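*Asks:* Quick one: sequence and predicted model below, then my questions.
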Amino acid sequence: MITDVLDVLPAVTPDQRISILSAPRTAAAHRELLRNIRAMNALQLGGQAQISSLPEQFTVAAWNVERCLFPEATAAHLGQISPDVVLLSEVDHGMARTSQRHTTEAMADALGMVYAFGVEFHELDLGGPTERHFCKDDFNILGWHGNAILSSVPFERTALIRLDDHGHWFSCDDGAADPDQPRVGGRMAIAAVLPTENGPVCVVSTHLESNADAAHRHTQFDVLLNEIDSFAPGIPVLIGGDLNTGNHLPPDFNWQNESLFGLAETRGYDWGFTADGTTTRPSLITPHPQRVMKLDWFAGRDLRCEKKGLLTSISDEGTPLSDHDCVWCRAALSSV
């Protein structure tokens with residue numbers, strides 16, 4: 001668990017980039033690289049809170065925004081549900097495909113929220129083939145890609161939780177490397193404790209591995225639950241994000257074959273905060289437009305769900321803002 005906080009995430013130096021590109025594609029080499037990249041060992045905090053504490057009932061959105069090509073439009077689209085907290089995955093910072101912007105900061109500014117951004121991957125190239133159409137530069141200023149939490153209230157404390165460090169997209173040790181998307185890093189989560197009228201709540205934005213099977217995601221979720229217990233013992237918890245359920249599960253990407261659901265239930269979590277229905281759709285850059293899957297979830301503990309739903313990722317103008325729809329719920333703490 002990483003609790004260091006920075007105002008600005010420092011760029012990878014030219015010497016570090018040479019080391020990354022020349023390093024052997026092994027898990028050991030990846031762990032050493034990860035340790036030495038400062039921006040991957042801290043969270044960046046920024047923005048401005050609107051209020052001092054959440055009401056008893058508060059609305060949380062979880063959305064994989066697929067690089068966040070349109071930060072302001074994405075923020076405006078969330079106005080339909082007026083979330084108090086937004087859990088984001090796949091947000092870019094200093095990537096050519098998103099005009100080198102800090103997309104989390106742009107969304108936080110548009111919504112009038114504070115943010116915590118953490119780096120999942122340092123991207124070594126411009127992205128997949130479907131994304132290069134959006135690149136006006138042939139380089140990334142920073143190459144950060146990660147998760148974020150946006151909040152209308154200040155953070156009491158935050159943590160970055162790495163779910164693995166072996167370099168699933170870097171190391172060739174287990175054959176999982178993707179030559180189209182070379183990167184340093186691994187799946188992760190951000191946890192934050194927020195004040196409410198009835199005491200603190202812990203919210204968690206996470207993104208599990210797509211390029212793996214159910215056993216791999218089970219292990220990642222077990223790590224996450226253990227770290228949450230250490231970070232926020234005895235505090236109500238709401239986990240939200242893209243869990244990549246069903247990926248690499250033959251024959252039909254069936255999310256019901258994932259064991260992480262039962263794992264969470266044995267630890268006191270309830271999946272009833274998630275609305276029914278699939279959460280993926282074709283977009284401007286998705287490499288798999290034909291897949292219809294249920295990837296995005298909430299799991300809550302010591303909370304009750306007052307309402308839940310899906311917000312389409314299609315804007316009022318007809319633009320697909322992401323290949324994931326947004327899941328949302330209204331959660332509540334019981335009065336003390």
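*Replies:* That came through, no problem.

*Asks:* and the biggest helix by length in the chain, which residues are buried?
*Replies:* If you go by DSSP state H, the chain has its longest helix at helix 214-231. Under the neighbour-count criterion of 16 or more other Cβ atoms under 10 Å, helix 214-231 has 214, 216-225, 227-228, 231 buried. Bear in mind the C-beta positions are built from the backbone N, C-alpha and C, glycine included.

*Asks:* what about the spatially most central residue of the chain, distance to residue 229?
*Replies:* Per Cα atoms, centre = their mean, the C-alpha nearest to the average position across the chain is that of residue 89, at 2.7 Å. Residue 89 is 22 Å from residue 229, where distance means Cβ to Cβ, to the nearest Å.

*Asks:* Going toward the C-terminus from the longest helix of the chain, what's the next helix or strand?
*Replies:* strand 237-242 (DSSP states H and E).

*Asks:* What is the helix or strand following that next one packed up against?
*Replies:* Note on strand 237-242: by DSSP H and E, the next helix or strand toward the C-terminus is helix 260-266. Helices and strands touching helix 260-266, by 3 or more Cβ pairs under 8 Å, 6 or more residues apart in numbering; DSSP states H and E, are helix 214-231.

*Asks:* Against which helices or strands is the helix it packs on packed?
*Replies:* So helix 214-231, by 3+ Cβ pairs under 8 Å, 6+ apart, packs with strand 157-162, strand 188-194, strand 201-207, strand 237-242, helix 260-266.

*Asks:* between that helix and strand 237-242, how big is the angle?
*Replies:* With axes from the mean of the first three to the mean of the last three Cα atoms, to 10 degrees defining the directions, helix 214-231 sits at 150 degrees from strand 237-242.

*Asks:* Tell me where this structure has strands.
*Replies:* 5-6, 43-47, 57-67, 85-93, 114-123, 144-151, 157-162, 183-185, 188-194, 201-207, 237-242, 296-301, 304-311, 326-332 (DSSP state E).

*Asks:* If we go by neighbour counts, what in the third one is buried?
*Replies:* Going back to what we said before, that points to strand 57-67. So for strand 57-67, counting by 16+ other Cβ under 10 Å, buried means 58, 59, 60, 61, 62, 63, 64, 65, 66, 67.

*Asks:* correct me, but the fifth one touches residue 325?
*Replies:* Put plainly, it is residue 62. No: the pair residue 62 / residue 325 is not scored as a contact, 10.4 Å apart, by Cβ atoms under 8 Å.

*Asks:* joint contacts of those two?
*Replies:* Residues touching both residue 62 and residue 325 (Cβ atoms under 8 Å, 6 or more residues apart in numbering) are residue 296.

*Asks:* distance of the spatially closest residue to residue 244 that is not a sequence neighbour from residue 288?
*Replies:* Using Cβ to Cβ, 6 or more residues apart in numbering and skipping residues adjacent in sequence, the residue nearest residue 244 is residue 210, 4.3 Å away. Distance, residue 210 to residue 288, using Cβ to Cβ: 10 Å.

*Asks:* And residue 199, by the same measure?
*Replies:* Taking Cβ to Cβ, one finds residue 199 at 42 Å from residue 288.

*Asks:* Report the beta-bridge partner residues of residue 148.
*Replies:* residue 88, residue 117 (DSSP bridges).

*Asks:* again, but for residue 189
*Replies:* Beta-bridge partners of residue 189, as defined by DSSP bridges: residue 161, residue 206.

*Asks:* can you check the one 4 residues further on too?
*Replies:* Each beta-bridge partner of residue 193 is listed here: residue 157, residue 202, as defined by DSSP bridges.

*Asks:* Quick one: residues contacting it.
*Replies:* Contacts of residue 193 by Cβ under 8 Å, 6+ apart are 155, 156, 157, 158, 200, 201, 202, 231, 232, 235.

*Asks:* Any of the residues you listed buried? List them.
*Replies:* Among these, the ones that count as buried (16+ other Cβ under 10 Å) are 155, 158, 200, 201, 202, 231, 232, 235.

*Asks:* contacting residues for the first one?
*Replies:* By Cβ under 8 Å, 6+ apart, the contact list for residue 155 reads 45, 114, 116, 149, 192, 193, 194.

*Asks:* In a markdown table, list the buried residues of helix 214-231 along with distance to residue 137 and pLDDT.
*Replies:* Below are the buried residues of helix 214-231 laid out as a markdown table (distance: Cβ to Cβ, whole Å; pLDDT from 0 to 100):
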| residue | distance to residue 137 | pLDDT |
| --- | --- | --- |
| 214 | 38 | 96 |
| 216 | 34 | 95 |
| 217 | 34 | 97 |
| 218 | 39 | 98 |
| 219 | 37 | 98 |
| 220 | 33 | 98 |
| 221 | 37 | 98 |
| 222 | 40 | 98 |
| 223 | 36 | 98 |
| 224 | 35 | 98 |
| 225 | 40 | 98 |
| 227 | 36 | 98 |
| 228 | 38 | 98 |
| 231 | 38 | 98 |
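
*Asks:* Having no further points to raise, I will conclude here.
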